[in-house]
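In: sequence first, then the predicted structure:
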Amino acid sequence: MRRVVDFINEYDPGPFPEDFDREVIQLASNENPYPPAENVIAAIKNNIFKINRYPSPYYRELKKAISEYTGFGVENIAVSSGASDIIRLVTDILLDPLDKVFVPMPSYTMYVMYSMLREASLETRVYEGYRIDGCYERGKLAFLCSPNNPTGNVVERKVIEEFLQNFEYVVVDEAYCEFSGTSCADLLEHYDNLIVLRSFSKFFGLAGMRVGYAIADEKVVRAIEKIRNPFSLSMLGQIAAVEALKSVEYYRRVAEMILSERERMRRELEKRFYVYESSANFLLVKHDVPDISERLMEEGVLVRDVTGLEGLDGPHFRVTVGRKEENDRFLEVVSGL
Ligand code: PMP
């Protein structure tokens, strides 16, 4: 059985944690480069004096706001400190040792690591176009990511349905769905084994606040809520997310700028590299420049080196779409390498 310690040592995602605090152009983590809406900042300031108190462990206000935003009932919504925490909670409530888990690669590595921690029987084969044939039939859990990190592609709806019919549970991670304008959450009406994950870290620009949620069947939601740390989501995180949901129009305008910048970056990068189709706020680039991410970092630009990630053939990096001036600097440095 492969263990997390082996996985981590086989795949090193590049120069990231040590440089977190350096003053750099941060294009490595798919964050939103723009500031929060003004009402978000005002609400945080107005409530800062309350931080001596725990938040309400039910997070009713946030769930109500998410319910209005998504159209699902509060009983179908679980919240916690980021989508990544919810991935962990989902593996905790669903997986027993040797349960069959399938992760089409390349994808977000936390699915792999958290499944390994549950000693699941993990299959991570590369599935071209995410075709399901040959993968675990009637497996316990499959993780799909749409748009997928790091490739940026949206998983087709009919493929998701095929997975839903073949697995006991299917997680569809929609952390970037507001950028693609696609979601499969409405399939919950027909499939109670679907668990949709969402994040406030990307479109809503609250990565530092740590807020994520799941939309799922009531039974799954109840189990997640039961085992999570009662106060896992901070009081200011809840307040910021509720405010952000009042300013969706602002974030839509921001997303439009990001998407138009993405296409500009694509056009420039394609002059020299292979760039994957992306429906998200990042681009995956296949390249042939030795040590490109280290050399970019020397110039103060941080991208994510994903070379060696299962399913990617040859050197690749993933770059987040930043503000125009950040993207200009990135493109300028790349063109000189
Ligand atoms: N899912 C995917 C696909 C991601 O790329 C990320 C963040 N990189 C997460 C989940 C985690 O998001 P959060 O900040 O909400 O924990």
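Out: Received the coordinates, thanks.

In: what's the neighbour count on residue 226?
Out: The tally of other residues near residue 226 (other C-beta atoms under 10 Å) stands at 11. For every residue, glycine as well, the C-beta is placed using N, CA and C.

In: shouldn't it be within a helix?
Out: Yes. Assignment of residue 226 by DSSP: H, G, I helix; E, B strand; the rest coil places it within a helix.

In: how about the strands in this structure?
Out: With DSSP state E, the ranges of strands along the chain come out as 25-26, 77-80, 100-102, 121-123, 139-145, 167-173, 194-199, 212-216, 274-275, 282-286, 301-302, 304-305, 316-320.

In: any chance of those in JSON lines, plus mean neighbour count?
Out: JSON lines is the format used below for the strands of the chain (neighbours: other C-beta atoms under 10 Å):
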{"stretch": "strand 25-26", "mean neighbour count": "20"}
{"stretch": "strand 77-80", "mean neighbour count": "26"}
{"stretch": "strand 100-102", "mean neighbour count": "25"}
{"stretch": "strand 121-123", "mean neighbour count": "19"}
{"stretch": "strand 139-145", "mean neighbour count": "24"}
{"stretch": "strand 167-173", "mean neighbour count": "24"}
{"stretch": "strand 194-199", "mean neighbour count": "25"}
{"stretch": "strand 212-216", "mean neighbour count": "26"}
{"stretch": "strand 274-275", "mean neighbour count": "16"}
{"stretch": "strand 282-286", "mean neighbour count": "24"}
{"stretch": "strand 301-302", "mean neighbour count": "24"}
{"stretch": "strand 304-305", "mean neighbour count": "24"}
{"stretch": "strand 316-320", "mean neighbour count": "26"}
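
In: and those, which one averages the lowest pLDDT?
Out: Lowest mean pLDDT within those: strand 121-123, a mean of 90.

In: show me how the record splits this structure into domains.
Out: Split into domains by automatic domain parsing, the chain comes to 3-30+248-335, 38-244.

In: any idea which of those domains is most buried?
Out: Greatest average neighbour count among those goes to domain 38-244 (a mean of 19), per mean count of other C-beta atoms under 10 Å.

In: can you give me the end-to-end span of it?
Out: 9 Å (C-alpha to C-alpha, to the nearest Å).

In: distance from that domain to the middle of the chain?
Out: Offset of domain 38-244 from its chain centre (C-alpha atoms, centre = their mean, to the nearest Å): 9 Å.

In: okay, the strands of the chain in a markdown table with distance to residue 38 next?
Out: Putting the strands of the chain into a markdown table (distance: least, C-beta to C-beta, whole Å) gives the following:
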| stretch | distance to residue 38 |
| --- | --- |
| strand 25-26 | 23 |
| strand 77-80 | 24 |
| strand 100-102 | 43 |
| strand 121-123 | 45 |
| strand 139-145 | 32 |
| strand 167-173 | 30 |
| strand 194-199 | 22 |
| strand 212-216 | 23 |
| strand 274-275 | 35 |
| strand 282-286 | 26 |
| strand 301-302 | 28 |
| strand 304-305 | 31 |
| strand 316-320 | 24 |
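
In: please tabulate the ones you listed in TSV, including the columns distance to the ligand.
Out: Output for the strands of the chain, formatted as TSV (distance: least, C-beta to the nearest ligand atom, whole Å):
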stretch	distance to the ligand
strand 25-26	13
strand 77-80	9
strand 100-102	16
strand 121-123	18
strand 139-145	5
strand 167-173	5
strand 194-199	3
strand 212-216	4
strand 274-275	18
strand 282-286	9
strand 301-302	14
strand 304-305	9
strand 316-320	10
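
In: residues in contact with the residue of the chain found nearest the ligand?
Out: Per C-beta to the nearest ligand atom, residue 82 is where the chain lies closest to the ligand, at 2.6 Å. Shown in contact with residue 82 (C-beta atoms under 8 Å, 6 or more residues apart in numbering): 199, 201, 210, 211, 212.

In: for it, give me phi and psi.
Out: phi 100, psi 150 (degrees, to the nearest 10).

In: and it, how close does it get to residue 265?
Out: Using C-beta to C-beta, to the nearest Å, residue 82 is found at 26 Å from residue 265.

In: and if you look at residue 77?
Out: Going from residue 77 to residue 265 by C-beta to C-beta gives 35 Å.

In: which bits of the chain sit near the ligand?
Out: Contact residues (C-beta under 6 Å from any ligand atom) of the chain with the ligand: 30, 82-84, 108, 145, 149, 173, 175, 199, 201, 207, 212.

In: how far off centre is the longest helix anywhere in the chain?
Out: If you go by DSSP state H, the chain has its longest helix at helix 248-270. Using C-alpha atoms, centre = their mean, the mean C-alpha position of helix 248-270 is found 18 Å from that of the whole chain.

In: if anything else comes up later, I'll come back, but that's it for now.
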